[in-house]
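Enquirer: Curious how this folds, go ahead:
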Amino acid sequence: MAYFKNHTDIELALLLKQGDEDAFDEIYRRYWKSLFQEARKRLGESEYAEEVVQDVFIDLWVNRSTREINQLYAYLQTAVRYQVFMLYKKHKKLPFFEEPLEHMGLSDDKADSPFCLNELLAGIEVWLAHQPVKRREIFRLRYLEQLSTKEIAEELFIAQKTVQNQLINGQESFRAAVSKLLTFTGLLITQLD
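Expert: Below you'll find the predicted structure:
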């Protein structure tokens, strides 16, 4: 196990994807406590926080081969925030801070703008990782590589209508995810100020 202590997050993510249990154990050892504290801060209860963090790590292991993780800690933090929202949704109870902050926007003239961008990109990465493989590829080509629906259809050897349907079907979920991320990022900025 000591062998993995010197590995970078990128190396650990690659080993995890290959099914290396020791790499997973190192990720767990390295980040469990800080993720638990993040969840507990948002939920106020240790029991729920433990549940959220365990769900994140279970999902990380179960879906290891399909996840493309570039920033491991940012991915895990965003996954915790997502699970917190899912817990609120399940119990039909929103955190006291969510509704008043819905109107908050992010200003790009703040000193922490790169932080906000990184949080947003990590959140989008988490959202993409939870999408079906075909939809994930279509979104990547459309929004990251700026290809047209026709170019995507040609590259993936599928009908242009299929590309359009996948984009339409994923947009509502994508908007909701980004909206939640912006709310959380706005909250984080407020706490840092």
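
Enquirer: which residue is nearest the middle of the chain?
Expert: By CA atoms, centre = their mean, the mean C-alpha position of the chain lies nearest to residue 126, the distance being 2.7 Å.

Enquirer: Please name the nearest non-neighbouring residue to residue 43.
Expert: Nearest residue to residue 43 in three dimensions, chain neighbours excluded: residue 49, at 5.3 Å (CB to CB, 6 or more residues apart in numbering). Heads up, the C-betas are built off the backbone N, CA and C, glycines and all.

Enquirer: you'd agree the one you found is up against residue 36?
Expert: Yes. Taking contacts as CB atoms under 8 Å, residue 49 lies within contact range of residue 36: 5.5 Å.

Enquirer: Remind me which helix or strand the residue nearest to the centre of the chain belongs to.
Expert: Using DSSP states H and E, the element containing residue 126 is helix 113-129.

Enquirer: so residue 142 makes contact with residue 152?
Expert: Yes. Here residue 142 reaches residue 152: they are 6.1 Å apart, a contact under CB under 8 Å.

Enquirer: re earlier: could you count how many residues lie near the residue lying closest to the residue nearest to the centre of the chain once chain neighbours are set aside?
Expert: Nearest-residue entry for residue 126: residue 78, 4.5 Å, with adjacent residues in sequence omitted and distances by CB to CB, 6+ apart. Look at residue 78: counted by other CB atoms under 10 Å, it has 26 neighbours.

Enquirer: now residue 78: how far from residue 25?
Expert: Residue 78 is 22 Å from residue 25, where distance means CB to CB, to the nearest Å.

Enquirer: ok so, going back, next up, the contacts around the residue nearest to residue 43.
Expert: The neighbourhood of residue 49, defined by CB atoms under 8 Å, 6 or more residues apart in numbering, consists of 36, 39, 40, 42, 43.

Enquirer: circling back: show me what counts as buried in the helix or strand following the helix holding residue 126.
Expert: Per DSSP H and E, the first helix or strand lying C-terminal to helix 113-129 is helix 133-139. For helix 133-139, the neighbour count (16 or more other CB atoms under 10 Å) marks 135, 136, 137, 138, 139 as buried.
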